[in-house]
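Visitor: What follows is a predicted structure for the sequence shown.
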Amino acid sequence: MPARNDHATLRLTEQLLSMPSPTPDDGGCQALIAARLAPLGFVCETIESGPADFRVTNLWAKRAASHKAAKAPKTLVFAGHTDVVPTGPLAQWDSPPFSPSHRDGKLYGRGASDMKTSLAAFVVAIEEFVTQQPDAALHIALLLTSDEEGPAVDGTVVVCQQLQARGETLDYCIVGEPTSVERTGDMIKNGRRGTMSGKLTVQGLQGHIAYPQLADNPIHRLAPALAELVTVRWDEGNAFFQPTSWQVSNIHGGTGASNVIPGQVVVDFNFRFCTESSPESLQQRLCAVLNRHSLQYDVAWTIGGLPFLTTPGELVEAVTKAIADETGISTQLSTTGGTSDGRFIAQICPQVIELGPPNATIHKINEHVALADIEPLKNIYRRVLERLHALALA
């Protein structure tokens, strides 16, 4: 095996951190990565999407398998995002967020954990693997976007739609989201819950608060239904998912005057749902409660993403063994937390997992990653490539 430079991942991480990329800006990150991949035989394609004032940059880069195997080669995709969340008040940072800094064994900068360390680890792992296995039996690809931290409507989902239209087949995907808790590799996500939001508007009749008989208070009418909805057990979850959750995020009602009965009340809510429920079943059950209380209402629904689940199989086994070999950790499979672009990729790829560094400081002031977590992450990614390559040859 060729000698490795243990500073290559760190140096590339620092380069990426020094390129400001608040969503939807890419800051040149994808061009830098494409320049590293092209000499390895990757065909790199930039796909832009979105309006002029919110232009999104996406990168699809693929290296075809060169090994003459008897069976059709499979495709492993590394997926992630080059955009970062806003820095917040600059005065609260102990060092400039886009000037990577080292303190107490940690690398500081916006995107250090979410997720430029993962991107650098992707690239260096691929470089090492291709040097070691120039005739790889795998197709290797990268899918990067600058619209993950934003609306996520012109990013990964657009690339997936184009790949699907072309008939591109994806078999495995590793998303570099920061999934670990204490140490790199102690937790991976093998699925995520779906998310569906609703805006419920209940109608009443506005009137003077001293003459309630001449008005119809929609807040009062809604209250019993709201109390019932809070108690509903939407499902029981399963071995991989916790039960579906329904939460109210905001209630708007009234004119601002204390002597006016409002004419309507608006409730914002969200379902985080598992594979035991569908958007349609949840919508029907919620409306059944509202109908039972004889409310005049309408609901505007927004499905942010469907749940996905990768059960233990080739990819989960390759990742868990790579983590154990590199760190000695027996990783935990989890589906908790928010959503990720894995929800889009899972629509065209049967095996999707998320694996990245610890997430304790993501989106925070003084975001950082421990230096000790960087090389193990790169090595885990490389070990997964090696295992799937060996599987392809078996």
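Guide: Great, that's in hand. Residues are numbered from 1 along each chain as shown.

Visitor: The residue nearest the centre of the chain in helix, strand or coil?
Guide: Taking Cα atoms, centre = their mean, the centroid of the chain lies closest to residue 340, which sits 1.6 Å from it. The assignment at residue 340 comes out as coil when based on DSSP: H, G, I helix; E, B strand; the rest coil.

Visitor: mind listing what it touches?
Guide: Listed by Cβ atoms under 8 Å, 6 or more residues apart in numbering, the contact set of residue 340 reads 148, 175, 177, 189, 192, 354. (C-beta placed from N, C-alpha, C; glycine too.)

Visitor: out of those, who's nearest residue 301?
Guide: residue 192 (19.3 Å; Cβ to Cβ).

Visitor: hey, where'd the strands end up in the stretch 51-200 of the chain?
Guide: For the stretch 51-200 of the chain, applying DSSP state E, counting those that start in this stretch gives strands covering 56-63, 75-81, 101-103, 106-108, 139-145, 172-175, 187-189, 191-192, 194-203.

Visitor: Does residue 18 touch residue 100 like I think?
Guide: Yes. The pair residue 18 / residue 100 is scored as a contact, 6.0 Å apart, by Cβ atoms under 8 Å.

Visitor: ok, these two, which is more surrounded?
Guide: residue 100 (22 against 14; other Cβ atoms under 10 Å).

Visitor: Would you enumerate the residues in contact with residue 32?
Guide: Counting by Cβ under 8 Å, 6+ apart, residue 32 has contacts 15, 16, 19.

Visitor: Out of those, name the ones that lie in helices.
Guide: The helices, defined by DSSP state H, take in 15, 16 from the contacts of residue 32.

Visitor: Select from the contacts of residue 32 the one having the most neighbours.
Guide: residue 16 (26 neighbours).

Visitor: I'd like the distance from stretch 150-160 to the chain centre, please.
Guide: Relative to the centre of its chain, stretch 150-160 is centred 11 Å away, using Cα atoms, centre = their mean, to the nearest Å.

Visitor: Same check on stretch 33-44?
Guide: Counting by Cα atoms, centre = their mean, stretch 33-44 comes out at 24 Å from the chain centroid.

Visitor: So which bits of that stretch are buried?
Guide: 33, 34, 36, 37, 40, 42, 44 (16 or more other Cβ atoms under 10 Å).

Visitor: what's the pLDDT at the fifth one?
Guide: For residue 40, the pLDDT comes out at 97.

Visitor: Name the nearest residue to it, sequence neighbours excluded.
Guide: Spatial nearest neighbour of residue 40, excluding adjacent residues (Cβ to Cβ, 6 or more residues apart in numbering): residue 130 at 4.9 Å.
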